[in-house]
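Novice: what's the 3D shape of this:
(2 chains)
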Amino acid sequence: MVIKHKNIFKTESSWSNADKLLLCLDTGSWRTERPVLDKEKCNYCGLCALYCPPQCMKDMGDHYEADLAYCKGCGICATECPTKALSMVPEGEFADG
Amino acid sequence: MVSAQKGQTMVITGNAVAAYGAMLCRPEVVAAYPITPQSELAEQLAQFVANGVLDAEYVEVEGENSAMNVVLAASVAGARVVTATSSYGLVFMYDALQETSGFRAPVVMVNANRETPGIHAVSSGQQDMISTRDTGWVQMIVENDQEILDQIIMAFRLAEDYDIQLPVMVNYDGYYLSYLAEGVEIPNIEDVDAFLAPLKQQPERQKLVPGVAIGCGSHGMEMGYVEARYKHCQALERVKDKVDEIDKAFGDYFGRYYYGQIEEYRTDDADFVILVSGSATGTTRAVVDAKREQGVKVGLVKMRMFRPFPAERLTKALKGKKAIGVIDRSICFGWKYGPMAMELRALSPEIGPAPIVSYIDGLANLDINIPHIERVIDEVGAAAQGKPYQEVTWIPMEE
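Specialist: Got it, this is the predicted structure:
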């Protein structure tokens, strides 16, 4: 048997650096709708980033934005947003969707 | 390291011995839920903490599943941990057992063997251990109270070895050993420190650190899953030699040898061999001696480790023997043989075409007594001479 060792993990157990490696799956391809932000309503509280399952909300300084390579479109950010600044829009409405 | 000072001899039960063994290794977090026949062990550990003998966090949990999750989390955060259970408790933590080995957390758990759910049996048997054989743990089985203590100390050295990083389950027969008071030499804690000291010389394993965004056990998709499983299986293979090595080091230091994965007793010139484990080994040893005096060339193999399966050592010990009898204190659903007999049959290509004769005995506190073992030796001896034999015998059903 030829073992081509992949070495995804640098450690003996399956430890990963969440800063870099957590965003390693192509979860963006699962998406059927994406979060769209109304900057007027956003108060930069960060709850969307806190709740985001794949942790893909990028801190833009005065608001958060989903990294669409990883956002799977679950809508938790929009549900949790206290000011209703985020809304889920079907992918079909975007040129790149 | 020369050799240890003579310890203090105490006459105490297997449960109390297990608590002493755990305490001497200075665990930092203990979480255990009391269950018959292990309760005394959970109580004794709590007592050690209450009296200040053991400087550890004792977490009172609401059940065994929580107990395993508490020690898993503490272990991943870098603590030395210990827990103990039995029977329903062991299977209640089934998912947590897999989580623990999957995280490669060096947890040490003492398990007082007892029958498992389905037929409500508050009695001895190895079915709990057998039911969890595929959880990726190392499973050791001991014969007497002294071995409980010594094996727990060796278990920490094994689990926390940088090349291993796996949880270790130390099994002893509930009732037979948990409540049996025997004279046991309790080593001095400084000598246990010295025996475990080599662990401090190795590279530090990865731990959870506050403020650092790292995760463990995630990334199980596709290749991440395969790689983690592959490494886990490789580590289990490394356990085999490591167990022998640690046993040798323990014997050289404390003066008590257990011969690692298996103990071979009078097997060298034996025509046929009886394979047995746990507390029944002592009785079997005595019957083998008696049969030897009558000129019967029988030997004994004591299974000290069930997972990983000691394939290479067993092959060496059993190759060329004319018959092998296996006494199982548990059953194997879906196979007519007992679990150890069934697994030994997987080694048939290596050990040769000798009959492997399976005996189910000692379930639910029924003794594996001298007449039973005499009968096993007589029948397997006849099989060794080419006479017909019954493949599987449930001894209590035929009495």
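Novice: For stretch B:84-94, buried residues please.
Specialist: For stretch B:84-94, a neighbour-count test (16 or more other Cβ atoms under 10 Å in any protein chain shown) marks B:Ala84, B:Thr85, B:Ser86, B:Ser87, B:Tyr88, B:Gly89, B:Leu90, B:Val91, B:Phe92, B:Met93 as buried. Every C-beta, even on glycine, is put in place using the N, C-alpha and C of the backbone.
Novice: didn't the last one look like it was pressed against B:Val70?
Specialist: Going back to what we said before, that points to B:Met93. No - using Cβ atoms under 8 Å, B:Met93 is not in contact with B:Val70, being 10.7 Å away.
Novice: Which secondary structure element is home to the residue lying closest to B:Pro34 once chain neighbours are set aside?
Specialist: Setting aside the residues directly before and after it, B:Pro34 is nearest to B:Ala42 in space (Cβ to Cβ, 6 or more residues apart in numbering or on different chains), at 4.2 Å. In this assignment (DSSP states H and E), B:Ala42 forms part of helix B:39-50.
Novice: Quick check: next helix or strand after that helix?
Specialist: Next along from helix B:39-50, by DSSP H and E: strand B:57-59.
Novice: near chain A, anything from whatever helix or strand comes next after that next one?
Specialist: Moving toward the C-terminus from strand B:57-59, the next helix or strand (DSSP H and E) is helix B:64-76. No - using Cβ under 8 Å from any Cβ of the partner chain, helix B:64-76 never reaches chain A; the gap is at least 8.7 Å.
Novice: and what of stretch B:101-116?
Specialist: Yes - counting by Cβ under 8 Å from any Cβ, contacts between stretch B:101-116 and chain A involve B:Gly102, B:Phe103, B:Arg104, B:Ala105.
Novice: how many other residues sit next to the second one?
Specialist: The local packing of B:Phe103 (other Cβ atoms under 10 Å in any protein chain shown) involves 21 other residues.
Novice: any idea how far the nearest residue to it once chain neighbours are set aside lies from A:Thr11?
Specialist: Residue nearest to B:Phe103 in three dimensions, not counting chain neighbours: B:Gly217, with 4.8 Å by Cβ to Cβ, 6+ apart. Note on B:Gly217: its distance to A:Thr11, by Cβ to Cβ, to the nearest Å, is 12 Å.
Novice: next one: B:Ala384
Specialist: For B:Ala384 relative to A:Thr11 (Cβ to Cβ), the value is 50 Å.
Novice: of B:Gly217 and A:Thr11, who's got more company?
Specialist: When neighbours are counted by other Cβ under 10 Å, B:Gly217 comes out ahead of the other of B:Gly217 and A:Thr11, with 18 against 14.
Novice: how about low-confidence regions in chain A?
Specialist: A:1-6, A:17-25, A:97 (pLDDT under 70).
Novice: ok, 90 please
Specialist: A:1-28, A:53-56, A:69-70, A:95-97 (pLDDT under 90).
Novice: Quick check: the residue of chain A nearest chain B.
Specialist: The minimum distance from chain A to chain B, using Cβ to the nearest Cβ, falls at A:Ser13 (3.4 Å).
Novice: What is the neighbour count of that residue?
Specialist: Residues near A:Ser13, counting by other Cβ under 10 Å: 22.
Novice: and the residue lying closest to it once chain neighbours are set aside, what does it touch?
Specialist: Nearest residue to A:Ser13 in three dimensions, chain neighbours excluded: B:Arg104, at 3.4 Å (Cβ to Cβ, 6+ apart). B:Arg104 makes contact with A:Glu12, A:Ser13, A:Ser14, B:Gln165, B:Leu166, B:Lys231, B:His232, B:Ala235, according to Cβ atoms under 8 Å, 6 or more residues apart in numbering or on different chains.
Novice: tell me the secondary structure for the residue of the stretch 1-150 of chain B found nearest chain A?
Specialist: Using Cβ to the nearest Cβ, B:Arg104 is the residue of the stretch 1-150 of chain B that sits closest to chain A, at 3.4 Å. Following DSSP: H, G, I helix; E, B strand; the rest coil, B:Arg104 is assigned to coil.
Novice: From A:Thr32, how far off is it?
Specialist: 37 Å.
Novice: Likewise for B:Lys248?
Specialist: 61 Å.
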